[in-house]
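> Take this sequence and fold it.
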Amino acid sequence: MSISSAIKSIQDIMRKDAGVDGDAQRLGQMSWLLFLKVFDAQEEELELELDDYREPIPAEFLWRNWAADNEGITGDELLEFVNDELFPQLKNLTAPIDKNPRGFVVKAAFSDAFNYMKNGTLLRQVINKLNEIDFTDSNERHLFGDLYEQILKDLQSAGNAGEFYTPRAITKFIVAVTNPQLGESIMDPACGTGGFLACAFDHVKVNYVKTSDDHQTLQQQIHGVEKKQLPHLLCTTNMMLHGIEVPVQIKHGNTLNKPLSSWDEEIDVIITNPPFGGTEEDGIEKNFPSEFQTRETADLFLQLIIEVLATKGRAAVVLPDGTLFGEGVKTKIKKMLMDECNLHTIVRLPNGVFNPYTGIKTNILFFTKGTPTKDVWFYEHPYPAGVKNYNKTKPMKFEEFETELAWWGNEADGFASRVENEQAWKVSIDDIIARNYNLDIKNPHVGEVISHDPLELLTDYANQQADIQAIRDQLKGILSAALTPSTSTSTKREGDK
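Got it, this is the predicted structure:
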């Protein structure tokens, strides 16, 4: 049976179980099972390679010892083992990161994991289907990497979980342009399922890794943080599939839950699509300087990125239109960005890139820390010929970025090769200051086009409503901050909800 057929069968089996409700829980169930199977496949390889090999978790919890035998325990016996032994033991595993880093990874992965299945016979059927995939076979592991992509896409349509998935066309383009090198620290502070990090890992591996020492260096370069359990577990598994033996740098937590002044990291390359359109919990904004305090997630992440980026470090960040035209705290953040960094390029993406999760228009901001901005290049990414909007069956493709890549040029010479064209234009910092740092600058080479297509009109209306809501949220936050006494911040905000 093919890998794709095996995964489809697994999903069909789970639908029969009364304890699994919806796509998100099916993915959560599959994720911890996949993690343990991939983990054990790595263990078998390490056992052969290392003379001083020691099992990082109790032997009875390794996949080979409780799940690999298709005629092994099943029914209530299997369910009791998983619920009463496997999960409690792995959640409470004693595994210091310095002495047992792979055990530490397991404990972190299971910290908030949950077994949703209530039928032990169906659980055995799922396990047996997973046993048809051989993760020690490099060819099969490569094929599974492609299938894993589909699993992550499934996450996009599982309720609100689409925030964790960035189209691969965008991750590949961003990584190609930022061009991470061997030895450079690479970070995604809101890593989701690890799309940016996996793409960066592959880029460095293909272009710069020549020896086994290089491969060890690469494994230490990758850093990520994810707030929610399911995408964190998927990301950890994703990193192991890509060859990272000890992905301890993939941390489970909220990157923003730490005072900005206490960050001493200096990261060479930051590539990320932070959550936007949402607000952080009460108190998180207190981790930031008073004049930059806000509860809007994207604004906080942008500040964090500017802070932790090393001098000459490069960043590429996906942000909504609201960041470009927003005022108040947003203006202050944009001024800080252009004072401390060279915001050299903004790629304006068309509608529908993140459908069906959101119709909000987005942009990619590229900047390098250490020198102030003199000019900002804008590039308006067009739809390919014959396409009026993206959707699930017609997603954005990497090949669409070939024109941008050919036009891009080199920052070392100030992008001297760039020329203005129908898609590209340059705006000076003086003009931007005169606009009060409003970066929502339309393409001057394209006149106003009035469309009478119903679908386009509906899409435009939806985007306008989203922009209006973003402005309302921003105004609400400004008014709330202005009216709230500092001594009773939490009480007042609770009343505002």
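> in the stretch 251-400 of the chain, which spans are strands?
In the stretch 251-400 of the chain, strands defined by DSSP state E, counting those that start in this stretch lie at 267-272, 309-320, 341-348, 362-369, 375-380, listed in chain order.
> Same list, those strands, but as JSON lines with mean pLDDT please.
Formatted as JSON lines, the strands of the stretch 251-400 of the chain follow (pLDDT from 0 to 100):
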{"stretch": "strand 267-272", "mean pLDDT": "97"}
{"stretch": "strand 309-320", "mean pLDDT": "96"}
{"stretch": "strand 341-348", "mean pLDDT": "97"}
{"stretch": "strand 362-369", "mean pLDDT": "96"}
{"stretch": "strand 375-380", "mean pLDDT": "97"}
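> Just say which of the ones you listed is most tucked in.
strand 267-272 (a mean of 25; mean count of other C-beta atoms under 10 Å). For every residue, glycine as well, the C-beta is placed using N, CA and C.
> Walk me through which strands it pairs with, and which way each runs.
Based on DSSP bridges, the pairing partners of strand 267-272 within the sheet are strand 186-188 (parallel), strand 309-320 (parallel).
> is it fair to say Lys205 lies in a helix?
Yes - using DSSP: H, G, I helix; E, B strand; the rest coil, the secondary structure at Lys205 is a helix.
> Got phi/psi on the nearest residue to it once chain neighbours are set aside?
The spatial neighbour of Lys205 that comes closest, neighbours along the chain excluded (C-beta to C-beta, 6 or more residues apart in numbering), is Leu218 at 6.1 Å. Here is the backbone geometry of Leu218 (degrees, to the nearest 10): phi -60, psi -40.
> quick one: Leu218 and Ala200, what's the gap?
Taking C-beta to C-beta, to the nearest Å as the criterion, Leu218 is separated from Ala200 by 10 Å.
> Pro289 too?
Relative to Ala200, and taking C-beta to C-beta, Pro289 is found at 30 Å.
> re the thing from before, I figured the residue nearest to Lys205 hits Leu182, correct?
Yes - shown here, Leu218 and Leu182 form a contact pair, counting by C-beta atoms under 8 Å, at 6.4 Å.
> More neighbours: the two, which one.
The residue with more neighbours, out of Leu218 and Leu182, is Leu218; 22 against 15, by other C-beta atoms under 10 Å.
> ok now do the more buried one, which residues does it touch?
For Leu218, the contacting residues are Leu182, Phe201, Val204, Lys205, Tyr208, Val209, taking C-beta atoms under 8 Å, 6 or more residues apart in numbering as the criterion.
> can you do 7 Å?
Leu218 makes contacts with Leu182, Phe201, Val204, Lys205, Val209, as judged by C-beta atoms under 7 Å, 6 or more residues apart in numbering.
> Tell me which of the strands paired with strand 267-272 approaches Met338 most closely.
Met338 sits nearest to strand 309-320 of all the strands paired with strand 267-272, at 13.2 Å, using C-beta to C-beta.
> what are the ranges of the helices in the stretch 1-150 of the chain?
Secondary structure of the stretch 1-150 of the chain by DSSP state H, counting those that start in this stretch: the helices cover 3-15, 22-49, 63-66, 75-81, 87-91, 101-109, 120-130, 138-156.
> Which pLDDT value goes with Thr323?
Reported pLDDT at Thr323 in the predicted model: 90.
> Report how many residues lie close to it.
Burial of Thr323 is recorded as 23 neighbouring residues (other C-beta under 10 Å).
> Mutual contacts of Leu218 and Leu182, please.
Taking C-beta under 7 Å, 6+ apart as the criterion, Leu218 and Leu182 both touch Val204, Val209.
> so what's Lys394 up against?
Lys394 makes contact with Val387, according to C-beta under 7 Å, 6+ apart.
> So for it, what's the pLDDT?
On the pLDDT scale, Lys394 is placed at 81.
> Just name the closest of the contacts of Leu218 to Val38, please.
Proximity of the contacts of Leu218 to Val38 was ranked by C-beta to C-beta; the top entry is Phe201 with 15.3 Å.
> ok, His223 touching Ser185?
Yes - His223 lies in contact with Ser185 (C-beta atoms under 7 Å); the separation is 6.3 Å.
> How many residues are close by the closest residue to Thr237 other than its chain neighbours?
In space, Thr237 comes closest to Phe35 once its chain neighbours are excluded; the distance is 4.7 Å by C-beta to C-beta, 6+ apart. For Phe35, the tally of surrounding residues (other C-beta under 10 Å) stands at 22.
> what's the spacing between Phe35 and Cys235?
10 Å.
> hmm, back to that, how near is the residue nearest to Lys205 to Thr178?
According to C-beta to C-beta, Leu218 stands 16 Å off from Thr178.
> re the thing from before, can you tell me which of the strands paired with strand 267-272 comes nearest to Ile267?
Using C-beta to C-beta as the criterion, the shortest distance between Ile267 and the strands paired with strand 267-272 is 4.5 Å, found for strand 186-188.
> Centre of the chain to the closest one, how far?
10 Å (C-alpha atoms, centre = their mean, to the nearest Å).
> pLDDT (mean, whole number) over it?
Averaged over strand 186-188, pLDDT sits at 97.
> Would you format the strands paired with strand 267-272 as JSON lines with distance to Lys442 included?
As requested, those are exported to JSON lines (distance: least, C-beta to C-beta, whole Å):
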{"stretch": "strand 186-188", "distance to Lys442": "30"}
{"stretch": "strand 309-320", "distance to Lys442": "16"}
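> Which of these sits closest to Ile244?
Closest among these, once you apply C-beta to C-beta, is strand 186-188, at 11.9 Å.
> what sits up against the closest one?
For strand 186-188, with C-beta under 7 Å, 6+ apart as the criterion, the contacting residues are 180, 196-197, 200, 221-224, 267, 269-272.
> 10 Å instead, please
For strand 186-188, the surrounding residues in contact (C-beta atoms under 10 Å, 6 or more residues apart in numbering) are 166, 171, 175, 178, 180, 194-197, 200-201, 203-204, 218, 221-226, 235, 249-250, 255, 265, 267-274, 305, 308-309, 313, 315.
> what does the domain assignment say about this protein?
The chain is divided into the following domains under automatic domain parsing: 3-137, 151-449.
> Quick one: closest of these to Lys476.
Counting by C-beta to C-beta, Lys476 lies closest to domain 151-449 out of the domains of the chain; the figure is 9.6 Å.
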